[in-house]
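**Student:** the following block contains a protein sequence and its predicted model.
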Amino acid sequence: MTVQQASARAHTNIALIKYWGKKDQQLILPMNGSLSLTLDHFYTDTTVIFDSSLKADQFWLDDQKHDAAKISQFLDLVRQHSTQRFFAQVKSYNHVPNAAGLASSASAFAALALAASQAAGLNLSRQALSRLARRGSGSATRSIYGGFAEWLPGTTDEDSYAVPLQEYVDWDIEMIAVIINRQQKKISSRQGMERVVETSPYYPAWVKSTQADLLAAKKAIQGHDLATLGELAESNALKMHALNLSAKPPFSYFEPQSLVAMRLVEKLRARGICCYYTLDAGPNVKVICAHQDSQIIKKTLQSVFAPDQLIEVFPGPGVQLINEK
Ligand code: DP6
């Protein structure tokens with residue numbers, strides 16, 4: 001029996017300027033560039049074991065066996081680019097406190113890209129890893145890097161990957177995740193973005209204005225300008241959610257409690273506290289703020305939300321190999 005294995009850890013990322021639509025479903029090429037912050041708190045550990053005695057790929061998530069079809073497709077890409085021909089056992093653990101419903105395909109596929117490529121004997125550059133992770137899930141392309149990363153949309157498989165913008169964030173920015181619903185979303189990101197590309201009359205305006213948001217956000221990051229970055233992120237998220245409301249049939253990820261959290265953030269801002277929100281393809285709200293204001297923000301949010309619904313998260317590192325278990 002021959003066994004080759006590797007383990008990797010990747011952290012999730014939250015987009016400040018969103019990816020919401022593909023121009024190529026197969027290759028996962030996005031319509032527009034996007035920009036994210038990788039977080040320290042939420043991560044996935046994945047071990048890939050290529051094993052000559054296996055008759056099929058296997059996938060275990062948090063010690064439960066799952067359907068391996070999507071993972072197997074991804075492993076095929078790795079096998080195509082290496083001399084590895086065995087099937088693999090993939091074991092993943094999602095580290096998300098209190099099953100917070102923030103587990104993300106971003107950390108999953110970034111960890112899988114590194115673990116699988118290493119176990120297959122490939123020593124990929126971070127650019128090549130980012131391209132590989134993209135084939136599993138678009139947002140995973142950015143989780144290769146720590147801190148702020150930008151996904152360059154590109155036009156082919158070769159030129160669509162993320163680049164680091166500021167890997168070590170040495171200024172005061174963090175997020176408070178407001179956990180509103182721990183259940184799985186009814187409309188996946190994949191389905192949601194496909195529907196808006198096909199049916200929203202606002203889609204061309206989204207692409208155009210997001211390009212401008214991205215340029216301005218990069219400038220704000222360079223200048224450590226939290227207020228401008230927060231304002232851009234909030235507005236960009238609202239535009240993304242407006243696409244969903246304008247799709248046919250329309251859909252929304254907001255829940256009543258999402259709106260409650262959003263209003264509280266607006267009220268805090270009216271009181272002069274620098275904080276902004278963003279939401280992805282789900283009801284949970286992420287508040288962007290500085291650490292110096294996080295206590296007062298949490299206190300205000302606690303007028304409605306329980307302490308365990310609020311998780312403070314900081315900029316986190318890029319994907320890395322870890323000791324095999
Ligand atoms: C709203 O990366 O999950 O979080 O590429 O189809 O797997 P697929 O989609 P996914 O979409 C993420 C969408 C988002 C915005 C973002 O992360 O940029």
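**Tutor:** Noted; the coordinates are in hand. Numbering: from 1, shown residues only.
**Student:** okay, CA-based contacts and neighbour counts for the rest of this
**Tutor:** OK.
**Student:** quick one, strands of the stretch 101-250 of the chain?
**Tutor:** Using DSSP state E, counting those that start in this stretch, the strands of the stretch 101-250 of the chain run over 148-152, 161-166, 174-178.
**Student:** out of those, which gets nearest to the ligand?
**Tutor:** Among those, the nearest to the ligand by Cα to the nearest ligand atom is strand 148-152 (9.0 Å).
**Student:** can you name the residues of the chain that neighbour the ligand?
**Tutor:** 14-15, 18-20, 34, 105, 137-139, 189-190, 280-281 (Cα under 6 Å from any ligand atom).
**Student:** apply 8 Å and report the result again.
**Tutor:** When proximity is defined by Cα under 8 Å from any ligand atom, the chain lies next to the ligand at 13-20, 22, 28, 34-36, 104-106, 134-140, 188-191, 193, 279-281.
**Student:** give me the buried entries from those.
**Tutor:** 13-20, 22, 28, 34-36, 104-106, 134-140, 189, 193, 279-281 (16 or more other Cα atoms under 10 Å).
**Student:** which stretches of the chain have low pLDDT?
**Tutor:** 97-103, 182-185, 324-325 (pLDDT under 70).
**Student:** that one: helices as residue ranges?
**Tutor:** All helices of the chain, identified by DSSP state H, fall at 69-80, 105-119, 126-136, 189-199, 203-222, 226-245, 256-270, 291-301.
**Student:** most tightly packed of these?
**Tutor:** Of all these, helix 105-119 has the most neighbours on average by mean count of other Cα atoms under 10 Å, namely a mean of 28.
**Student:** name the helices or strands packed onto that one?
**Tutor:** On a contact count with 3 or more Cα pairs under 8 Å, 6 or more residues apart in numbering; DSSP states H and E, helix 105-119 meets strand 3-17, strand 34-51, helix 69-80, helix 126-136, strand 320-322.
**Student:** tell me which of those lies nearest to residue 90.
**Tutor:** When those are compared by Cα to Cα, strand 34-51 sits nearest residue 90, at 4.6 Å.
**Student:** now the closest one, how far from the chain's geometric center?
**Tutor:** 10 Å (Cα atoms, centre = their mean, to the nearest Å).
**Student:** do stretch 247-257 as well
**Tutor:** 20 Å.
**Student:** got the buried residues for that stretch?
**Tutor:** Going by neighbour count (16+ other Cα under 10 Å), the buried part of stretch 247-257 is 247, 251-254, 257.
**Student:** just give me the closest of those residues to the ligand.
**Tutor:** Using Cα to the nearest ligand atom, the buried residues of stretch 247-257 come closest to the ligand at residue 253, 10.2 Å.
**Student:** please report the distance of that closest one from residue 18.
**Tutor:** 15 Å (Cα to Cα, to the nearest Å).
**Student:** and if you look at residue 83?
**Tutor:** As judged by Cα to Cα, residue 83 and residue 18 stand 36 Å apart.
**Student:** same question for residue 205.
**Tutor:** Counting by Cα to Cα - residue 205 and residue 18 are separated by 14 Å.
**Student:** and residue 271, by the same measure?
**Tutor:** On the measure of Cα to Cα, residue 271 and residue 18 end up 28 Å apart.
**Student:** check the offset of stretch 315-325 from the chain's centre.
**Tutor:** 16 Å.
**Student:** quick one: buried residues of that stretch?
**Tutor:** 315-321.
**Student:** among the residues you listed, which two are most distant?
**Tutor:** The span of these, defined through Cα to Cα, is set by 315 and 321 at 18.9 Å.
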